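Visitor: predicted structure and sequence below. I'll ask about it afterward.
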Amino acid sequence: MPKDVIIACDFNSKEATLSFLEKFTKRKPFVKIGMELYYSCGPEIVKEIKARGHKIFLDLKLHDIPNTVKKSMAVLKDLDVDITNCHAAGTSAMMAAAKEGLGNNAKLIAVTQLTSTDQAALTNQLLIDEPIDEVVIHYAKNAKASGLDGIVCSPHEAKDVHEYCGNDFLTICPGVRFADSASDDQKRIMTPKQAKENGCDYIVVGRPITQADDPVKAYERCVKEFLQ
Ligand code: C5P
């Protein structure tokens, strides 16, 4: 199972993104393109970053009726990315439809509960009474039964997800912070080293790298803690 650090390139322009990526001369990082960048630059930015030799996780978190998600995935499949996703909350029917639209053109993973959601928000706002870790495992099992390749979850949940869904089922984990960096709006966080010890397959790191004084140094620190 390949393990890697994915940089969340949450920028709002092509110029900012490419000038950021050009700093990485030694090793081309795995890049996550999320809503901010995709909505600002469209599919062209995906093609451009791919042409520069980066692997891509297209994080658009599709969540709609099954037919709409299927047709949208059928369009996205032509971008030939490595990983893309939808929300597990869209139900098994929607996840299966996403898989049908995408085919085997990329790994398809499901977002379980956002790492910014804590137990209080789950209980009081979403009216889900179960403990958050059980909700994540339940969504992971639904994703697996719907033919998906893995889930997005907090690093805290990676070990249990592997226990219930198998070691081949991918755990892609945002909510990663260095021991000495701000948590920002992330609630369920771990350091890269703890994420490695908890069995995460990929960690997704944004602001601790993109906002660092020296992003390459921050990325290398992350790679060292997580991969070595
Ligand atoms: O800056 P930071 O490290 O918090 O970035 C985390 C990235 O991972 C963001 O792009 C966010 O959209 C994404 N993400 C997340 N939680 C999820 C799924 C995606 O934080 N459950």
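Guide: Sure, I can see it.
Visitor: only C-alpha atoms from now on, for both contacts and neighbour counts.
Guide: Fine.
Visitor: neighbours around residue 22, how many?
Guide: 10 (other CA atoms under 10 Å).
Visitor: try residue 163
Guide: Residue 163: 11 neighbours (other CA under 10 Å).
Visitor: then residue 3?
Guide: Neighbourhood size, residue 3 [other CA under 10 Å]: 16.
Visitor: who touches the nearest residue in space to it that is not next to it in sequence in this structure?
Guide: Nearest residue to residue 3 in three dimensions, chain neighbours excluded: residue 201, at 4.9 Å (CA to CA, 6 or more residues apart in numbering). Each residue near residue 201 by CA atoms under 8 Å, 6 or more residues apart in numbering is listed here: 1, 2, 3, 4, 170, 171, 172, 173.
Visitor: so which of those residues sit within strands?
Guide: Secondary structure from DSSP state E places 4, 170, 171, 172, 173 of these in strands.
Visitor: can you lay out these as a markdown table showing pLDDT, distance to the ligand and neighbour count?
Guide: Shown next, in a markdown table, are the ones in strands among the contacts of residue 201 (pLDDT from 0 to 100; distance: CA to the nearest ligand atom, whole Å; neighbours: other CA atoms under 10 Å):
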| residue | pLDDT | distance to the ligand | neighbour count |
| --- | --- | --- | --- |
| 4 | 98 | 14 | 18 |
| 170 | 98 | 14 | 26 |
| 171 | 98 | 11 | 28 |
| 172 | 97 | 9 | 24 |
| 173 | 95 | 7 | 27 |
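Visitor: for the chain, what lies in contact range of the ligand?
Guide: 8, 10, 34, 111, 113-115, 152-153, 174-175, 186, 204-207 (CA under 6 Å from any ligand atom).
Visitor: returning to that earlier point: which of the contacts of residue 201 sit farthest apart?
Guide: 1 and 173 (15.0 Å; CA to CA).
Visitor: may I have the strand ranked longest in the chain as PDB, with CA atoms only?
Guide: The residue-count maximum for a strand in the chain (DSSP E) belongs to strand 56-62. This file holds the C-alpha atoms of strand 56-62, laid out as PDB (Å, rounded to 0.1, in the frame of the first residue of the first chain):
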ATOM      1  CA  ILE A  56      -3.800  14.400  -8.000                       C
ATOM      2  CA  PHE A  57      -6.600  14.000  -5.400                       C
ATOM      3  CA  LEU A  58      -9.600  15.900  -6.800                       C
ATOM      4  CA  ASP A  59     -11.500  16.700  -3.600                       C
ATOM      5  CA  LEU A  60     -14.900  18.000  -4.800                       C
ATOM      6  CA  LYS A  61     -17.000  16.000  -2.300                       C
ATOM      7  CA  LEU A  62     -20.000  15.300  -4.500                       C
END
